[in-house]
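K.L.:
Take a look and give me a structure for this.
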Amino acid sequence: MTDSSHYVGRYWHKLDDGRIQCDLCPRDCKLHEGQRGACFVRMCENDQIILTTYGRSSGFCIDPIEKKPLNHFYPGSSVFSFGTAGCNLACKFCQNWDISKSRDMDRLMDQASPEAIAITAQQHGCKSVAFTYNDPVIFAEYAMDTADACHARGIKTVAVTAGYISEPARRDFFAKIDAANVDLKAFTEEFYYKLTGAHLQPVLDTLIYLKHETDVWLEITTLLIPGKNDSDEEITEMCKWIKKELGADVPLHFSAFHPDYKMADIPATPQATLVRARDIALKQGLHYVYTGNVHHIEGDTTFCPSCQSPLIVRDWYQINQYRLTEDGHCPDCGKAIAGKFDKAAGNFGANRIPVRISQATA
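P.N.:
A predicted model of the protein is given here:
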């Protein structure tokens, strides 16, 4: 397999002062020899940018696609999930901080080539492979090579990302992706700057690009944090923007925060907050709005936006009822439901299966 310690990244250029600028994301990290970028996994070595996590993963697991969360992308199917280490955001509320904030490369015990991942996913009958757990933007080259290997075997690809990526890399990366769930972490620049160390506009640019310039199936997740991004006013403005700029058919997931990382003093999000946010979004005209990280069957269920019939009834990640027609329409009124659907729902259910890739395959 590729020697990850010497994998040359694709997005960088030399500066007049001798430093190397990483052009992968809007941070534009300018590095001296031996320095690492803010993501920690891209490093200046021999006057070039090295991706130190190519071929190295924090672990592999088979999940329900609804866990990504993607509710309109082959419901009930299984997805082969993996991530690496590091992140190009600095979210104080990170829910996967033990992976995304890790600077211990020795923790990346599972090694696998792109081809090995595609073979293993196929052997386990997975419909898709997801780049998740930490942001795949920072291991873009590894993800893109893996996507090529997956597509060669008829396997779809999924990116779970904050969408913080530069224009050239965005074009290359999402050309390899079939579905994406983008974290729209809030709808104010203040939140992004103070709590993620990043900016809002590049994320909005990514969302607009995905919707209008690609065929990538798009869903959005917003983690609601009490007192930080959960006001009626902010939620209303965000939903208005989504409807105007992306359209009413883009599914929106409101997810519950739990105390973690540097915000352990903030209480968990009450279910009532998620229900309130969902009600606001529906009143603003969004067609598919969900609640996450809480037990709320109504908020898990896909309803027809025309006649309001329940079409995909979920209990957490378990599909209890699936009423779409073979061509993805409401059986009661004939309304076409936005998404990517098979003739019937998958039956993977709420399973979670850890997987090891053998060194012989890797």
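K.L.:
Please report phi then psi for the residue nearest to residue 20 when sequence neighbours are not counted.
P.N.:
Among residues not flanking residue 20 along the chain, residue 44 sits closest, at 4.8 Å (Cβ to Cβ, 6 or more residues apart in numbering). Glycine gets a C-beta too; all of them are placed from N, C-alpha and C. Torsion angles at residue 44 (phi, psi; degrees, to the nearest 10) stand at phi -90, psi 120.
K.L.:
low pLDDT regions in the stretch 101-250 of the chain?
P.N.:
101-109 (pLDDT under 70).
K.L.:
Now with 80, please.
P.N.:
Within the stretch 101-250 of the chain, the set of residues satisfying pLDDT under 80 comprises 101-110.
K.L.:
where exactly do the strands run in it?
P.N.:
With DSSP state E, counting those that start in this stretch, the ranges of strands along the stretch 101-250 of the chain come out as 110-111, 128-131, 156-161, 179-183, 217-224.
K.L.:
so which of those strands gets nearest residue 233?
P.N.:
Minimum separation from residue 233 across those (Cβ to Cβ) falls at strand 217-224, 13.5 Å.
K.L.:
the inter-axis angle of the closest one versus strand 156-161?
P.N.:
What separates the directions of strand 217-224 and strand 156-161 is an angle of 30 degrees, with axes from the mean of the first three to the mean of the last three Cα atoms, to 10 degrees.
K.L.:
Which elements pack onto strand 217-224?
P.N.:
Contact partners of strand 217-224 among helices and strands, from 3 or more Cβ pairs under 8 Å, 6 or more residues apart in numbering; DSSP states H and E: strand 179-183, helix 201-213, strand 252-256, helix 271-283.
K.L.:
Which residues does that strand contact?
P.N.:
Contact partners of strand 217-224, identified using Cβ atoms under 8 Å, 6 or more residues apart in numbering, comprise 69-73, 93, 95, 178-186, 207, 210-211, 229-230, 238, 242, 246, 250-257, 269, 273-274, 277, 292, 339-340.
K.L.:
My guess is the residue nearest to residue 20 contacts residue 21. True?
P.N.:
No - contact criterion Cβ atoms under 8 Å: residue 44 and residue 21 do not qualify, at 9.6 Å.
K.L.:
Neighbour count for those two, which is higher?
P.N.:
Neighbours around residue 44 and residue 21, counted as other Cβ atoms under 10 Å, are more numerous at residue 44. The numbers are 22 against 17.
K.L.:
and the residue nearest the centre of the chain, what does it touch?
P.N.:
Relative to the mean C-alpha position of the chain, the nearest C-alpha, by Cα atoms, centre = their mean, is the one of residue 160, at 1.2 Å. If you count contacts by Cβ under 8 Å, 6+ apart, residue 160 has them with 68, 130-133, 135-136, 180-181, 183.
K.L.:
ok, back up a step: overlap in contacts, residue 44 and residue 21.
P.N.:
Common contact partners of residue 44 and residue 21 (Cβ under 8 Å, 6+ apart): residue 31.
K.L.:
hmm, back to that, for residue 357, find the nearest of the helices and strands packed on strand 217-224.
P.N.:
Comparing the helices and strands packed on strand 217-224 under Cβ to Cβ, the one sitting nearest is strand 179-183, at 22.9 Å.
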